[in-house]
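Asks: Fold the stuff below for me.
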Amino acid sequence: MQMEDPTLLKLESACWELKTLLGGSEQTKEKLNNTETRLDVLQGSVNIATRRIVPLQTLAMSRKALDSRIARAISPALALLKTFKLTESLQTSLVDLSANLSAEKSHEKRLEKLVEYMERVDELNKGINKISEEVEVVMQKLQEVVEFISRTKAADQYRNERLKEALVTLKALYESEVEEMRFEGLLDQALVHVQDEFENLLLRIKHTNLLHVRHHAPHWELGSTLQVQVLRQISTTLSANDCLDICIDIYVKARYRRAAKALMKLNPDYLRTYTPEGIDKMEWEALEAAITLWIQHLEVAVKKVLLSEKKLCQKVLGDFVEGLVWPECFIKISDKIMAVFFRFGEGVARSSKEPQKLFKLLDMFESLEKLKPEMSQIFEGEPGIDICTRFRELEKLIIDASSKVFWEFGLQIEGNMDGNSPPQDGSVPKIVRYAINYLKYLTTANYKESMVKVLGTQQTWKGSSNNEVSSDQGLLKQAIWNVMEALQRNIEAKRAFCRDKVLVHVLTMNTYWYIYMRSKKTELGEVLGEQWMKEGYKAVAEEGAYLYQKQAWGGLVRVLDGEEGRVSEKIETFLKGLNEVCERHARGVYSIPDMDLREQMREATLRLVVPAYGDFLEAYSGMLNKKMYPSVERVKGLVAKAFDGKLKRRGSSSGDWNAARNSGSLERDVRSGGNNGSHV
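Replies: Numbers count the residues shown, from 1 in each chain. Predicted structure coming up:
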């Protein structure tokens, strides 16, 4: 066939290609067999090389591990040696700084050098602490390396000996120098020096201008910024070196000494007398002055001295033990100072309850009331509980004493504190003058509110439920009413002792008029009430005046008006009686000290006696020789002159207690009076 079949052509081509592939596979197989043979030869060579290299590799790894172990032991040792060198240089620097510090005279420059000195001390302390903490660890690591090398013989003998020498050197250094550096070396000397500087600086900081406390206390701070900074740095350094107890002891002793010395400059010698018995022996003027000083000095001690001490203490010691150290230190400083003031106040409160002490007790009470906020603020927290408690106890004692003095005053008045016998001239008894001036002063703005507080506090303690009396003014009013009633009973007792019928009315007139006139338009009058005074005092005085005039002068008029007797006998009796009455007035037997009252009685007596005498002369002019008897003008002059008679001057009868509170002088008037009787 001329034409070939396409399928056959394809089959022939595929067959040829298969034959070609089979031939190539045979060749590849032969090559692979050759390669396998070569690989087997190479594997054998590698195995031989591996067996030879493994020991060398192990030796290299051991060497590397040994070098690493030695390096880990040697590196800390080298660092430790560097620290030793640093501490040696710091010690040399401290010696130089100490010499410069001792030679420095300027306080400010000395403080600056002290700051630098403290920095060196801190650095030296850190270096020594680092050495102390690391030296044992370094020695232990070296010991382990030496033992390892000795046991394994991993290093040559030369290296082993070097490591042993390093270990021996460190041990010797630790045993001979480290302990000495910590406790007996230059650091210890530096800390002693720092303690001295700490004490000197604390003593250098002083209190000044104490008496200006009321105006400047909130702005006063102890110590400059640099001084406080140095004190803080020193206290921190001492604390870091286990000297916190020493630091506290130095601080408390130094600052107490400085605070006490500052207060001693106020000359509080009175504080040496503090027992009730000792205070009772003091002259009143001395005690009065002592209490005044006590009030001033206590305010200075709290508001100035102790407040500034608290601020300084907090600044210097405030960072230790979470702020628990400084309050205790401050209370230790304050406790002795406050105790001295407390015991004097307690002694005054427990001493005898003399009337004149009331005003000084109220002064003390008011001063404690004003100090309450500062006391709560300054002595806050648990450390100050004892001081605050004693402060409250003192205030309670003063309240009790004030209340007792006032209540006993009324009892003493009623008990005839200046005797039962009335004044021989019918003048105002000293006890009346004393009591009225006493109550007038008590009701002034100086003491009224304080007395109300005292009485109110006492009422609260007693738990009284009388609403009418419990009001602020009601308490004081009731108390003063009680004293006035006691005074009236005292007056009535004196009236009962009068044997002269005229004198008893002169006494009544003078006394009740004095009470009324001295009380009206005053704070005392406001407390008593106008109606009370008019009914209780003015009306009684007017009645006494009427009866005095009736008894002393009315009899003369009755002689002239009588129907019995001859005219000449009547006029002779009248003139004789007139002469006797005028003479008794002139001699001061019947005294009317009050000028206004005396003038009123003069006018009233003239209106009573002179017209009656004139009418009598006119009516019997034919029966009498007028030239033989005094004229009407003459009689008028005699009567008028009777009221210009002898008048005893009494310094305390015409004035109230003044701002100087000379209650002692009034009390002496009572004690030295001419009446024979008991005194307060």
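
Asks: Provide a list of residues in contact with the most centrally placed residue in the chain.
Replies: Residue closest to the average C-alpha location in the chain (Cα atoms, centre = their mean): residue 302, at 3.1 Å. Contact analysis of residue 302 by Cβ atoms under 8 Å, 6 or more residues apart in numbering lists 371, 374, 375, 378. Every C-beta, even on glycine, is put in place using the N, C-alpha and C of the backbone.

Asks: Filter those residues down to the buried ones and hand me the ChimeraX line.
Replies: To isolate the buried members of the contacts of residue 302 in ChimeraX, using 16 or more other Cβ atoms under 10 Å:
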select :371,375,378
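
Asks: Need the contacts of residue 302 in CSV (columns: distance to residue 293).
Replies: Below are those laid out as CSV (distance: Cβ to Cβ, whole Å):
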residue, distance to residue 293
371, 16
374, 19
375, 20
378, 21
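
Asks: So which of the contacts of residue 302 are in helices?
Replies: Per DSSP state H, helices hold the following members of the contacts of residue 302: 371, 374, 375, 378.

Asks: right, and the first one touches residue 299 too?
Replies: So that's residue 371. Yes. Between residue 371 and residue 299 there is a contact under Cβ atoms under 8 Å: 6.6 Å.

Asks: what's the closest of the ones in helices among the contacts of residue 302 to residue 38?
Replies: residue 378 (102.9 Å; Cβ to Cβ).

Asks: shouldn't the closest one be in contact with residue 305?
Replies: No. Between residue 378 and residue 305 there is no contact under Cβ under 8 Å: 10.5 Å.

Asks: contacting residues around residue 238?
Replies: Residue 238 makes contacts with 191, 194, 195, 198, 244, 246, 247, as judged by Cβ under 8 Å, 6+ apart.

Asks: quick one: it from residue 254, how far?
Replies: To residue 254, residue 238 is 14 Å away according to Cβ to Cβ, to the nearest Å.

Asks: cool, and residue 235?
Replies: Taken as Cβ to Cβ, the span from residue 235 to residue 254 is 12 Å.

Asks: Give me the more crowded residue out of these two.
Replies: In this view residue 235 and residue 254 are compared by other Cβ atoms under 10 Å, and residue 235 has more residues nearby, 25 against 19.

Asks: In space, what's closest to the more buried one - neighbours in sequence excluded?
Replies: Among residues not flanking residue 235 along the chain, residue 247 sits closest, at 5.2 Å (Cβ to Cβ, 6 or more residues apart in numbering).

Asks: quick one: the one you found and residue 239 touch, right?
Replies: Yes. Between residue 247 and residue 239 there is a contact under Cβ under 8 Å: 6.3 Å.

Asks: More neighbours: the two, which one.
Replies: residue 247 (25 against 19).

Asks: Three-state assignment for that one, please.
Replies: With DSSP: H, G, I helix; E, B strand; the rest coil as the basis, residue 247 sits in helix.

Asks: Might you report the residue contacts of it?
Replies: 195, 198, 234, 235, 238, 239, 317.

Asks: Can you list the buried residues in the helix or strand where the fourth one lies?
Replies: In this case it means residue 235. Using DSSP states H and E, the element containing residue 235 is helix 225-240. By 16+ other Cβ under 10 Å, the buried positions in helix 225-240 come out as 227, 228, 230, 231, 233, 234, 235, 236, 237, 238, 239.

Asks: Could you measure from the residue nearest to the centre of the chain over to residue 334?
Replies: 9 Å.

Asks: Check the contact lists of the two and give me the overlap.
Replies: Shared contacts of residue 302 and residue 334, defined by Cβ under 8 Å, 6+ apart, comprise residue 378.
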